[in-house]
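coords please:
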Amino acid sequence: MKIFYSEKHRDHYPPYEVFDGGKRVEYFENPDRMDKILSVLNKTDWAELTEPSDFGLDPILAVHDRDYITFLASCWTEWLASDPEVAATPEQHAFLPATFALRRKARPTQSLHGRGGYYMMDLSACIVAGTYNAALASANCALSAANEISKNQRSAFGLCRPPGHHAGKDYAGGYCFINNASVAANWLSSKGKVALLDIDYHAGNGTQDIFYERSDVLTISIHGDPDYEYPHYAGFADETGAGEGLGFHKNFPLPKATGDEGYLAALDEALEMIRKFAPTYLILSTGMDTFDGDPLGKFHITREGFAKIGKRITGLNLPTAVIMEGGYANEALGTNVVTLLESFK
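As a prediction, this is how the structure comes out:
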């Protein structure tokens, strides 16, 4: 199984994030996550680590607003140029806005912090010197996996970092800057119908935003109910698409403490929707933060549960690009990922 991975992800490592309640904490979405996954993949006899190809900006700009991508590319250098304190000790800083736009009335402004508040939805999408290049490499990992399944009709794994499913058309959030899975799904959509199934613990609000009015890509997200869980403002059951996309988006918001049985019941319903849609390809946004004990999740999915999830999804018999999203129980992360992937190899 081809595993598309880039060391460039290490360039994105903010010194902190601002957590719920305003507390500054160590960045949860850190390079150690990849090291833990790689350490277990390297013990298998089937993982073929491969550098991603460079697809350029066109597939990204087909999904994301150009001005937003320009902001990601220039934010750090603009900040360095405008703030002598940051320029003197850049390793101690991460760019975050102090105000956030109320989108129903707002527009981006000339101010860097004004644009930051327009293009960033929270205080976990911290930007540092290497963020943009890491995000580009991450998107190329997803595109390379999509290209692999389109050419060879077999599954592939985009070991993406930073993750992507919280990034919308023109905003970053939840550790995500470029929506890797959506970029891959959109690229594949010219070759056949695509279903995108998101099994991360948190609702894929960015993916929902990108495809909400489209009928050629079916999007489904199984996640913690936004009534109690991030991202709070998207992922509700009554959000089912609009315009041409009405009926082509489905959210499964699940209660706290959902375990294997409850999760698999929702998954079975999602898989039946995918079968009826009859896609050519599947994109699987794969978060391991559903794991029992994950510090950012409230589900109780077991390792055996991940094995069952993988087997049921592979029962669709679709070429599948597995795209890495969240998962923050680092010590268990590698084994959990490989347990899921075993069904796809």
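
in terms of contact, does residue 305 touch residue 267 like I think?
No. If you go by CB atoms under 8 Å, residue 305 and residue 267 don't touch, sitting 9.9 Å apart. Just so you know, the C-beta spots here come from the backbone N, C-alpha and C atoms, and that holds for glycine as well.

Please say which of those two ends up with more neighbours.
Each of residue 305 and residue 267 has its neighbours counted (other CB atoms under 10 Å); residue 305 has more, 23 against 20.

Skip the chain neighbours and tell me the closest residue to residue 13.
Spatially, and ignoring its direct neighbours in sequence, residue 13 is nearest to residue 31 (5.8 Å; CB to CB, 6 or more residues apart in numbering).

was I right about that neighbour contacting residue 8?
No. Using CB under 8 Å, residue 31 is not in contact with residue 8; the gap is 10.8 Å.

more neighbours, the two?
A count of neighbours by other CB under 10 Å puts residue 8 above the other of residue 31 and residue 8, at 19 against 16.

which residues touch the more buried one?
When contacts are counted by CB atoms under 8 Å, 6 or more residues apart in numbering, residue 8 touches 130, 133, 134, 136, 137.

Tell me how far it lies from residue 329.
The spacing between residue 8 and residue 329, counted by CB to CB, to the nearest Å, is 24 Å.

With residue 51 instead?
28 Å.

now swap in residue 202 and tell me
14 Å.

what do you get for residue 65?
Counting by CB to CB - residue 65 and residue 329 are separated by 34 Å.

Tell me which of those two has more neighbours.
Shown here are residue 65 and residue 329; by other CB under 10 Å, residue 329 has more neighbours (18 against 15).

dump the residue contacts of the nearest residue to that one once chain neighbours are set aside.
Nearest non-adjacent residue to residue 329, counting by CB to CB, 6+ apart: residue 294, 4.5 Å away. Residue 294 is in contact with 201, 288, 327, 328, 329, counting by CB under 8 Å, 6+ apart.

hmm, try it at 10 Å
Each residue near residue 294 by CB atoms under 10 Å, 6 or more residues apart in numbering is listed here: 201, 287-288, 300-301, 326-330, 332-333, 336.

And these, which two are furthest apart?
Taking CB to CB as the measure, the contacts of residue 294 reach their widest spread between 300 and 330, a distance of 18.3 Å.

Where does the prediction get shaky in the stretch 51-200 of the chain?
Under the criterion pLDDT under 70, no range of the stretch 51-200 of the chain is flagged.

Where do the strands of it begin and end?
Along the stretch 51-200 of the chain, the segments classed as strands by DSSP state E, counting those that start in this stretch run 156-158, 194-198.

Equivalent analysis for the stretch 201-345 of the chain, please.
Going by DSSP E, counting those that start in this stretch, the stretch 201-345 of the chain shows strands at 217-224, 249-254, 281-286, 320-324.

What strands line up against the second one, and which way round?
Spelled out, that is strand 249-254. Sheet partners assigned to strand 249-254 using DSSP bridges are listed as strand 217-224 (parallel).

May I have the partner strand as PDB, with CA atoms only?
Only the C-alpha atoms of strand 217-224 are listed here, as PDB (Å, rounded to 0.1, in the frame of the first residue of the first chain):
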ATOM      1  CA  VAL A 217     -19.700  14.700  -4.300                       C
ATOM      2  CA  LEU A 218     -21.600  13.100  -1.500                       C
ATOM      3  CA  THR A 219     -20.300  14.200   1.800                       C
ATOM      4  CA  ILE A 220     -21.000  12.400   5.100                       C
ATOM      5  CA  SER A 221     -19.700  13.200   8.600                       C
ATOM      6  CA  ILE A 222     -20.000  11.000  11.700                       C
ATOM      7  CA  HIS A 223     -19.000  13.000  14.800                       C
ATOM      8  CA  GLY A 224     -19.600  14.400  18.300                       C
END
